[in-house]
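Asks: could you work out the structure for the sequence below:
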Amino acid sequence: MAAAALPACRSSGAAADGAAAVARFVVLGEAPAGAEAAEFRAPGGSRAVFAPWESDGSARLEIERAEPDDSGRYVQRRWAVRGAERTLVREQRLVSGDDGAVLLAEEINHAEKVEVVFTPPLVVVPALLTSGVEARQRARMAVYPLGDRARTRARGTVEQTIVVGQTVRVRTPAGECDARTLVSEFRADLGASKVQNRTETWLAPGIGIIAEQRQERTTALGVPIRNNRESWVVIELPR
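Replies: Here you go, the predicted model:
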């Protein structure tokens, strides 16, 4: 199905960076069934700006995607922006699969000072984006100190399930669009440590991520040591 079946965001006419604007994300209802993941592959270089939901926009997240190389590999970077300060939070090294899937090979988490490698690369957008499709995967995960892959901090197995949801019409500070929902459940067994992440993502063809909710939980010997939540919505479309 052509990308035109799911229109890009239509501007709401509101200023994305207005001081009084509140960053809200509203699901308006179901939209016509949409497209396959091939519309998301080889995304090209872009930059989009996000703000936390129900926020006055004082904080910012910028997502930058590099142009893919000839093998379909590219880097996506997330920056935290407060005023004039711009801090690199994490880098994701991604691959566009031949079938249209998007795969995560490595993640460099600057905030937590670790590097994570997945073998085989972890699916983040399945090849088939039909509502109700469930994609399951098992992989191995290795965690290294930032900048030092000669030492292994943790190693173990990963189980992930991605469920493709309906196409919905949504309203963001950047405008209205049709988006496909993905819900990912990620579990990693790293011996003494266990990781459980849940991510809900809204994708618009020709644009990519327009909103995301994420919860990350980690326990060590059964004791909770990390419970992070974040929700972002686009306020400035990719360019």
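
Asks: could you use CA atoms for every contact and neighbour count after this?
Replies: OK.

Asks: now Gln160: how far from Asp99?
Replies: 19 Å (CA to CA, to the nearest Å).

Asks: which of those two has more neighbours?
Replies: Using other CA atoms under 10 Å as the criterion, Gln160 and Asp99 rank with Gln160 on top: 20 against 13.

Asks: quick check: mean pLDDT across the host helix or strand of the more buried one?
Replies: Applying DSSP states H and E as the criterion places Gln160 in strand 154-172. For strand 154-172, mean pLDDT rounds to 94.

Asks: how big is the angle separating the next helix or strand after it from strand 154-172?
Replies: Scanning forward in sequence from strand 154-172 by DSSP H and E, the next helix or strand is strand 175-190. Using axes from the mean of the first three to the mean of the last three CA atoms, to 10 degrees, the inter-axis angle of strand 175-190 relative to strand 154-172 is 170 degrees.

Asks: next one: strand 175-190 to chain centre, how far?
Replies: Strand 175-190 sits 7 Å away from the centroid of its parent chain (CA atoms, centre = their mean, to the nearest Å).

Asks: for it, packing partners?
Replies: strand 154-172, strand 193-204 (3 or more CA pairs under 8 Å, 6 or more residues apart in numbering; DSSP states H and E).

Asks: tilt between the shortest one and strand 175-190?
Replies: What it means is strand 193-204. Using the same axes, to 10 degrees: strand 193-204 against strand 175-190 is 160 degrees.

Asks: need the CA coordinates for the next helix or strand after strand 193-204. CSV is fine.
Replies: Moving toward the C-terminus from strand 193-204, the next helix or strand (DSSP H and E) is strand 208-220. What follows is strand 208-220, C-alpha atoms only, in CSV (Å, rounded to 0.1, in the frame of the first residue of the first chain):
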residue,chain,number,x,y,z
GLY,A,208,8.8,7.8,12.0
ILE,A,209,8.2,8.2,15.8
ILE,A,210,5.7,10.9,16.7
ALA,A,211,5.0,9.8,20.3
GLU,A,212,6.4,7.3,22.8
GLN,A,213,5.7,6.0,26.3
ARG,A,214,8.4,4.0,28.0
GLN,A,215,8.9,2.3,31.4
GLU,A,216,12.2,0.7,32.3
ARG,A,217,12.5,-1.5,35.4
THR,A,218,15.6,-3.3,36.8
THR,A,219,16.1,-5.5,39.8
ALA,A,220,19.3,-6.8,41.4
